[in-house]
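> What follows is a predicted structure for the sequence shown.
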Amino acid sequence: MTSSHHVLVPLAAGFEETEAVALIDVLRRADLRVSVVALGARRVEGSHGIVLEADASWDEADLASVTAVALPGGMPGTRKLAADERLLDLIRRLDAESRLVAAVCAAPLVLAAAGVLRAPATSHPGVMGELALDGYREDRVVRNGAQITSRGPGTALEWALALVAELVSPERAAELGRAMLVRG
């Protein structure tokens, strides 16, 4: 049975491939509806030269039904996401509705640009100073209400499983973690 949640995963050129692919894979294994949406053209090149084909461009996407957003990091992709007012408006709407907004690596900068990042939160150490966040934590994954942040490519699977725990159930997240050998 497919979940009633619809998760938007936006991609901009220069996204972190490990984070994006791990996220999309885990969420789809959990039977969540996931829309990978490119801010521009559907073919999007990541920060390490890997090209992904998005499900839709922003203008083609069904954004009205989105109930959560999950942001992979990477540079310069994160900066492009943070500069896109269409995305920032969607994040603000979801946050105001206490819906899931999640970000990994540098992508908490996007939540900050939208004005919704709250402590406690975490990020890649390389952008910690830009966040200027009282209550910054170095935990691998930090859950703060409907916000889930994480550190980087090495924590991407744990982060994605935390999203499954929030959107589906902790039991489904544990089951997937065991099946994927992420958790014992």
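Nice, I can see it.
> From now on I want contacts and neighbour counts done on CA atoms only, so please keep to that.
Fine.
> From His5, how far out is Ala12?
23 Å (Cα to Cα, to the nearest Å).
> make that Arg79, sorry
27 Å.
> between those two, which one's more packed in?
It is Arg79, of Arg79 and His5, that has more neighbours when counted by other Cα atoms under 10 Å, with 20 against 17.
> mean confidence score for the host helix or strand of that one?
Assigned by DSSP states H and E, Arg79 falls within helix 77-82. Taken as a whole, helix 77-82 has a mean pLDDT of 98.
> Ok, stretch 174-184 next?
Stretch 174-184 comes out at a mean pLDDT of 89.
> Tell me the buried residues in that stretch?
Of all the residues in stretch 174-184, those buried under the rule 16 or more other Cα atoms under 10 Å are Ala174, Glu175, Leu176, Gly177.
> Show residues contacting the helix or strand where Leu27 lies.
Per DSSP H and E, Leu27 falls inside helix 17-29. The contact list for helix 17-29 (Cα atoms under 8 Å, 6 or more residues apart in numbering) reads 9, 33-34, 36, 46-48, 50, 71-74, 104, 152-153, 156-157, 159-161, 163-164, 176.
> going on from that helix, what's the next piece of helix or strand?
strand 33-38.
> Point out where the protein drops to low pLDDT.
1-3, 183-184 (pLDDT under 70).
> Please enumerate the strands of the protein.
Assigned by DSSP state E, the strands in the chain fall at 6-11, 33-38, 43-45, 51-53, 56-57, 68-71, 100-104, 141-144, 147-150.
> of all those, which lies closest to Pro120?
strand 141-144 (6.4 Å; Cα to Cα).
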